[in-house]
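Student: predicted model and sequence below, questions to follow.
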Amino acid sequence: MTDLYEFLDTHGVTYDRHDHPPVYTVEESKQLIPEIPGGKTKNLFLRDKKGTRHILLTVEQDKRVDLKRVSDVAESSKLSFGSAERLKQHLGIEPGSVSLLALFNDPDGQVEVFIDEELWQEEALLCHPLQNTSTLSIPREDMERFFEATGHSFRLVTVPVSENPTDH
């Protein structure tokens, strides 16, 4: 099986790699990841009520997402967080390493991709390369090339913001 870096290089996806201590939360990433140009991402792995749809929702790291209203945007039944087992099954990664690059492990396109329109305005996106000990800065055009190479389409959406400080 091809490794992620080989896949990126083969498909002409450019990146700048920055290694750092492991990070599991947005707060840890703010403390441990050096200042890197690009949109700092938060990735939510979601499932619908029946467990038949799986969605990777990517937003700017500080955005508080109103999951109830995201269900409407996704035209889905109630969305909730996918379990660690589902995450491993569909994207081949552990919690703390969720990133758009995990679509590399979804060759059958079982996971739908939604990206916040506001985040997509950034020149580059910051993504973990299947592990939370590195961050790659990938130009937006190269992210499009990555999606095409993995066979994934993505939808740009306006992600509803929550006023509740406990929301993600």
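Tutor: Good, I have the coordinates.
Student: remind me, longest helix of the protein?
Tutor: In the chain, assigned by DSSP state H, the helix with the most residues is helix 140-150.
Student: in that helix, what's buried?
Tutor: Arg140, Asp142, Met143, Arg145, Phe146, Phe147, Ala149, Thr150 (16 or more other C-beta atoms under 10 Å). C-beta coordinates here come from the backbone N, C-alpha and C atoms, glycine included.
Student: ok, stretch 54-72 next?
Tutor: Buried, per 16+ other C-beta under 10 Å, within stretch 54-72: 54-61, 63-67, 70-71.
Student: looking at those residues, which is nearest Ile115?
Tutor: Thr58 (4.9 Å; C-beta to C-beta).
Student: related to what we said a few turns ago, among the buried residues of stretch 54-72, which are located in helices?
Tutor: Among the buried residues of stretch 54-72, DSSP H puts Leu67, Val70, Ser71 in helices.
Student: got JSON lines for those residues, with pLDDT and distance to Pro21 too?
Tutor: Below are these laid out as JSON lines (pLDDT from 0 to 100; distance: C-beta to C-beta, whole Å):
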{"residue": "Leu67", "pLDDT": "89", "distance to Pro21": "29"}
{"residue": "Val70", "pLDDT": "92", "distance to Pro21": "31"}
{"residue": "Ser71", "pLDDT": "91", "distance to Pro21": "35"}
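Student: packing partners for the lowest-mean-pLDDT helix or strand in the chain?
Tutor: Within the chain, no helix or strand scores below helix 26-32, which has a mean of 84 by mean pLDDT, DSSP states H and E. In terms of contacts (3 or more C-beta pairs under 8 Å, 6 or more residues apart in numbering; DSSP states H and E), helix 26-32 is not packed against any helix or strand.
Student: flag every buried residue along it.
Tutor: Buried-residue list, helix 26-32, by 16+ other C-beta under 10 Å: Ser29.
Student: could we number from 30 for the rest of this?
Tutor: Okay, residue one is now 30; in that scheme the one you just asked about reads as helix 55-61.
Student: neighbouring contacts of that helix?
Tutor: Residues outside helix 55-61 that contact it (C-beta atoms under 8 Å, 6 or more residues apart in numbering): His49, Pro50, Val52, Lys69, Lys71, Gln90, Asp91, Thr164.
Student: same thing but 7 Å
Tutor: Counting by C-beta atoms under 7 Å, 6 or more residues apart in numbering, the neighbours of helix 55-61 from elsewhere in the structure are His49, Pro50, Val52, Lys71, Gln90.
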